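> predicted model follows, preceded by the sequence.
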Amino acid sequence: MNTNDLIILAIGTIGGILTLYAYYMVSTNRTQGDSLHYQFYNIIGALCLIINTAYVGAWPSMGVNIIWVAVALITLRKGGALKALADKLRLGRK
């Protein structure tokens with residue numbers, strides 16, 4: 001296994017952990033399914049998995065993760081979480 005393989009393996013492992021963390025948080029009612037917290041970990045986890053699955057040629061899994069990211073982004077947009085975050089970030093500006 002070369003260095004690139006190890007890096008891609010690490011990225012995929014991190015992606016899996018982040019996605020499972022998000023699922024755990026929503027499943028145990030520690031966060032809401034439309035929250036920025038949940039969707040952030042879903043998006044980052046799925047992006048890591050996309051990198052991993054593209055590298056190894058697992059095209060069906062890559063497709064699922066692309067859709068996963070799209071659903072998360074749509075959820076954030078419709079749920080207003082992105083607007084709420086933007087509003088919070090503007091509080092520090094004058």
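Yep, it's here. Only a predicted model underlies this, so the values are computations on that prediction, with no experimental measurement involved. Numbering: from 1, shown residues only.
> report the central residue of this structure.
The residue lying closest to the centre of the chain (C-alpha atoms, centre = their mean) is residue 43, at 1.8 Å.
> any idea which helix or strand comes after the helix or strand where that one lies?
Following DSSP states H and E, one finds residue 43 within helix 36-56. On the C-terminal side of helix 36-56, the closest following helix or strand by DSSP H and E is helix 59-79.
> list the buried ones in that following helix?
61-62, 65-66, 68-69, 72, 75-76, 79 (16 or more other C-beta atoms under 10 Å). C-beta: built from backbone N, CA, C; applies to glycine.
> who's in contact with it?
33-36, 39, 42-43, 46-47, 49-50, 53-54, 81-82 (C-beta atoms under 8 Å, 6 or more residues apart in numbering).
> just the closest of those residues to residue 3, please.
Closest approach to residue 3 among those (C-beta to C-beta): residue 54, at 17.7 Å.
> near that closest one, how many other residues are there?
Residues within reach of residue 54, counting by other C-beta atoms under 10 Å, total 15.
> scan this structure for its longest helix.
Across the chain, the longest stretch assigned as helix under DSSP state H is helix 3-27.
> quick one: list the elements packing against it.
Packing partners of helix 3-27 (3 or more C-beta pairs under 8 Å, 6 or more residues apart in numbering; DSSP states H and E): helix 36-56.
> got the CA coordinates for the helix it packs on in PDB?
Provided in PDB are the C-alpha atoms of helix 36-56 (Å, rounded to 0.1, in the frame of the first residue of the first chain):
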ATOM      1  CA  LEU A  36     -26.600  23.000  10.700                       C
ATOM      2  CA  HIS A  37     -24.700  20.700  13.200                       C
ATOM      3  CA  TYR A  38     -26.200  17.500  11.700                       C
ATOM      4  CA  GLN A  39     -26.000  18.500   8.100                       C
ATOM      5  CA  PHE A  40     -22.500  19.900   8.400                       C
ATOM      6  CA  TYR A  41     -21.200  16.500   9.500                       C
ATOM      7  CA  ASN A  42     -23.200  14.800   6.900                       C
ATOM      8  CA  ILE A  43     -21.800  17.000   4.100                       C
ATOM      9  CA  ILE A  44     -18.200  16.700   5.300                       C
ATOM     10  CA  GLY A  45     -18.500  13.000   5.900                       C
ATOM     11  CA  ALA A  46     -20.100  12.400   2.500                       C
ATOM     12  CA  LEU A  47     -17.500  14.500   0.700                       C
ATOM     13  CA  CYS A  48     -14.700  12.400   2.300                       C
ATOM     14  CA  LEU A  49     -16.500   9.300   1.200                       C
ATOM     15  CA  ILE A  50     -16.900  10.600  -2.300                       C
ATOM     16  CA  ILE A  51     -13.100  11.100  -2.500                       C
ATOM     17  CA  ASN A  52     -12.500   7.600  -1.200                       C
ATOM     18  CA  THR A  53     -15.100   5.900  -3.500                       C
ATOM     19  CA  ALA A  54     -13.900   7.800  -6.600                       C
ATOM     20  CA  TYR A  55     -10.400   6.700  -5.900                       C
ATOM     21  CA  VAL A  56     -11.300   3.000  -5.600                       C
END
